[in-house]
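Colleague: Sharing a model that was predicted from the sequence below.
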Amino acid sequence: MGTHLDSRRNDRTSPHTVRRTAAREGGRWTNNKMEMPTKGYDFTLTHGQRLCSLIAEWWAPGIILCIVLTVGIPIAVSHPICASFFAFCILFVFRGLIFGLFNLLNNGRRHVEIEENGVGFGSITADLWIFTDGIKQIRQNRWGTTSIRHHNGTYVDVPTALLSSEDYQKLENGLKKYHDYWKIKEQTKRRPT
């Protein structure tokens, strides 16, 4: 019985503990929900904006995919083991395109936080983070978004009107670090030993 009371007393999800935590971190407690002050930007991208970004990112690989499928399907039909390996390779190489197509099915609601060392993004909160010094490209699109492309293949679209000059400065500093790193690495390769 003593352990039961102790475990209840130390429970961090009890309403009193959650209210104290919310008050300490600057949040509010309303309607039995903790509302924390949000950093970053909440926005909704239209289907057209998301489709344009997907096409801009995948148009050349999409053409290659069509050519590979045209040549590969007749070969794969006659060799079932080859077909499974071929399908696995296609799924692996074009996983970004596949996830992008699934992304078109959701409501387009996004939350993005831009900080000095990272960019956080997610549906409601910033669940996934990328380092700013891994940013490979910042592209302002004609359809009103800015695409932030990371070296690991991740790209995040943010409405251009939401980004402040400080946000651009943080992103461009990360972009400069990325390009400086690869420039130094290239110079060390060329240097004779």
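Modeller: Noted; the coordinates are in hand. Numbers count the residues shown, from 1 in each chain.

Colleague: element containing Phe121?
Modeller: Per DSSP states H and E: Phe121 is located in strand 118-122.

Colleague: Check which residues of that strand are buried.
Modeller: By neighbour count with 16 or more other CB atoms under 10 Å, strand 118-122 contains the buried residues 118-121. From N, CA and C alone the C-beta is placed, and that goes for glycine too.

Colleague: again with stretch 70-79
Modeller: For stretch 70-79, by 16+ other CB under 10 Å, it's 72, 76.

Colleague: swap in stretch 77-86?
Modeller: Those would be Phe86, for stretch 77-86 by 16+ other CB under 10 Å.

Colleague: and that stretch, how far from the chain's centre?
Modeller: Centroid separation between stretch 77-86 and its chain, computed with CA atoms, centre = their mean, to the nearest Å, is 33 Å.

Colleague: likewise stretch 99-112?
Modeller: The answer for stretch 99-112 is 11 Å, by CA atoms, centre = their mean.

Colleague: domain ranges for the protein?
Modeller: 2-34, 43-103, 110-190 (automatic domain parsing).

Colleague: picking that back up, report the two of the buried residues of strand 118-122 separated the most.
Modeller: Greatest spatial distance among the buried residues of strand 118-122 (CB to CB): Gly118 and Phe121, at 10.0 Å.

Colleague: Need the overlap of contacts for the two.
Modeller: Trp129 (CB atoms under 8 Å, 6 or more residues apart in numbering).

Colleague: Return, as residue ranges, the portions of the chain with sub-threshold pLDDT.
Modeller: 1-38, 192-193 (pLDDT under 70).

Colleague: Helix, strand, or coil at Ala126?
Modeller: The three-state assignment at Ala126 reads coil, by DSSP: H, G, I helix; E, B strand; the rest coil.

Colleague: how far away is the nearest residue to it once chain neighbours are set aside from Leu162?
Modeller: Closest residue to Ala126 apart from its sequence neighbours, by CB to CB, 6 or more residues apart in numbering: Gly120 at 2.8 Å. Gly120 is 15 Å from Leu162, where distance means CB to CB, to the nearest Å.

Colleague: Please point out which parts of stretch 130-141 sit buried.
Modeller: Under the neighbour-count criterion of 16+ other CB under 10 Å, stretch 130-141 has 130, 132-136 buried.

Colleague: Make TSV from those and add distance to His179 and secondary structure to it.
Modeller: What follows is the buried residues of stretch 130-141, written out as TSV (distance: CB to CB, whole Å; DSSP: H, G, I helix; E, B strand; the rest coil):
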residue	distance to His179	secondary structure
Ile130	16	strand
Thr132	13	helix
Asp133	10	helix
Gly134	11	helix
Ile135	9	strand
Lys136	9	strand
